[in-house]
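>>> Everything below, folded, please.
(one chain, ligands or ions: 1)
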Amino acid sequence: MSEPIKAPAPAAAGRAATKKELPEHFKGYKHVWVFIEQERGLVHPVSWELMGAGRQLADKLQVELAAVVVGPEGEATRQAAAEAFCYGADLAYVVADDLLADYRNESYTKALTDVVNTYKPEILLLGATTLGRDLAGSVATTLLTGLTADCTALDVDTDGSLAATRPTFGGSLMCTIYTLNYRPQMATVRPRVMQMPDRVERPVGRIVSHPLGLIEADIVTKVLSFLPDRESANSNLAFADVVVAGGLGLGSPENFQLVRQLAAVLGAEYGCSRPLVQKGWVTSDRQIGQTGKTIRPKLYIAAGISGAIQHRVGVEGADMIVAINTDRNAPIFEFAHIGIVTDAIRLLPALTEAFRARLSPHSRDRLAS
Ligand SMILES: Cc1cc2nc3c(=O)[nH]c(=O)nc-3n(C[C@H](O)[C@H](O)[C@H](O)COP(=O)(O)OP(=O)(O)OC[C@H]3O[C@@H](n4cnc5c(N)ncnc54)[C@H](O)[C@@H]3O)c2cc1C
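Predicted structure coming up:
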């Protein structure tokens, strides 16, 4: 089986004529920033994944990598900034104000745009989470700059521009987008697309505090109460080490239970391709792919999935892909590490029984940890 495709290298040729000279007032914009997304004291892991990507960009550009932490005054915000240094930040900009205790678009947009306008980064990265998408859009429109959403690869071009690659035309092509004449160059990246960097214990470095400059009366949106989503802890798909997924080839929602049974024996999470969500066989939080979740498990077992590009972009970060498909010409065999040409409806129960017989509960836990 062939190696997973890498995002195509950005090509400078052909766009030279489109590039105007960067306006004088943008020439001072320097350094790479990552917005550290925290809610109720918890930093979203995508922020650390972006620190890894940001470090590589900063090293190529030979500039500093900064974390931007926005949140309420107190320990959680301090801790988020301290943690950013363990993931490679050279410095952290902190806007701490109790008006920032809950995410509200107006206050967070004000905080982030003010810091950008004051300290002028050339690149600003955010996670493509619900919060990050909302914030990135309004920050980009307030700053009148370009934003490339849901990137799958980030690089620096020969002239130092950010080359932000993302799927286009329904995921059938990859395109590389440049923000040539405005600053900062903004991009969002979905969780699990970038590799999590190693955490290295480091002392807290330079912190630059910046005031919010708002009062409650300035903010139209009021948070009346907070209702946690009880279902949100049920699916740990994006972060699972072992994932078993099924596609249309399974033929019926009853047969999809075979996927769930194998996942249960392996201590794995289960997922599916998009048509199963559209048919109402499986809930949308289990969808894997371009418009679902990106996964990076150690082992991914795909049964009755053809391997369309929109599915592929969500799974090609897996260490080992095992595909079960009756069609030996199915596209999934082009990027699977192990391909099994057979009927998944017969093989899945056999695999479940074989693993049940051989795996003790203890080894299942180890497999999934
Ligand atoms: C904008 C856009 C976004 C999209 N986003 C996503 C996304 O996030 N995730 C996603 O998955 N798709 C997405 N899609 C849909 C995608 O293009 C494919 O249509 C989809 O992935 C196909 O799902 P599938 O592989 O389950 O079905 P099919 O393509 O129908 O494949 C079924 C496979 O099962 C095999 N098969 C049949 N019977 C058996 C059997 N008994 N045992 C084993 N194999 C069998 C067949 O040979 C076939 O290869 C998106 C499409 C668009 C346009």
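>>> for the ligand, what are the nearby residues on the stretch 251-369 of the chain?
Contact residues (C-beta under 6 Å from any ligand atom) of the stretch 251-369 of the chain with the ligand: 273-275, 287-292, 304-306, 308, 310-311, 314, 324-327, 330, 343-345. Using the backbone N, CA and C atoms, a C-beta is placed for each residue, glycine as well.
>>> now these: which count as buried?
For these, a burial check counting by 16 or more other C-beta atoms under 10 Å picks out 273-274, 287-292, 304-306, 308, 310-311, 314, 324-325, 330, 344-345.
>>> I'd like the list of the residues of the stretch 251-369 of the chain next to the ligand that fall within helices, please.
Members of these lying in helices (criterion: DSSP state H): Arg274, Pro275, Gln310, His311, Ala344, Ile345.
>>> which secondary structure elements does the longest helix seen in the chain contact?
Assignment by DSSP H gives helix 45-61 as the longest helix of the chain. The criterion is 3 or more C-beta pairs under 8 Å, 6 or more residues apart in numbering; DSSP states H and E, and the helices and strands that helix 45-61 contacts are strand 32-36, strand 65-71, helix 75-86, strand 123-127, strand 153-156, strand 185-189.
>>> Skip ahead from the third one and say which helix or strand is next.
Read it as helix 75-86. Next helix or strand after helix 75-86 toward the C-terminus (DSSP states H and E): strand 91-96.
>>> and the angle for that next one with strand 65-71?
Angle of strand 91-96 versus strand 65-71, following axes from the mean of the first three to the mean of the last three C-alpha atoms, to 10 degrees, is 10 degrees.
>>> Where does pLDDT dip in the stretch 101-250 of the chain?
Along the stretch 101-250 of the chain, the parts satisfying pLDDT under 70 run over 230-234.
>>> 80 instead, please
Counting by pLDDT under 80, the stretch 101-250 of the chain contains low-confidence ranges at 170-171, 228-235.
>>> which stretches of it form strands?
In the stretch 101-250 of the chain, strands defined by DSSP state E, counting those that start in this stretch lie at 123-127, 147-151, 153-156, 162-168, 173-177, 185-189, 206-209, 242-246, listed in chain order.
>>> Quick check: which of these is nearest to Ala111?
strand 206-209 (11.8 Å; C-beta to C-beta).
>>> List the strands paired with that closest one, with their directions.
Using DSSP bridges, strand 206-209 pairs in its sheet with strand 91-96 (parallel).
>>> Work out the gap between the partner strand and the centre of the chain.
How far strand 91-96 lies from its chain's middle: 22 Å, per C-alpha atoms, centre = their mean, to the nearest Å.
>>> Send me that strand as PDB with only the CA atoms.
Output in PDB follows, covering the C-alpha atoms of strand 91-96 (Å, rounded to 0.1, in the frame of the first residue of the first chain):
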ATOM      1  CA  LEU A  91       6.400  34.900  25.000                       C
ATOM      2  CA  ALA A  92       2.700  35.200  26.000                       C
ATOM      3  CA  TYR A  93       0.300  38.100  25.500                       C
ATOM      4  CA  VAL A  94      -2.300  38.000  28.300                       C
ATOM      5  CA  VAL A  95      -5.600  39.900  28.400                       C
ATOM      6  CA  ALA A  96      -7.100  39.000  31.800                       C
END
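>>> what is the orientation angle of it with helix 75-86?
Orientation of strand 91-96 against helix 75-86 (the same axes, to 10 degrees) gives an angle of 170 degrees.
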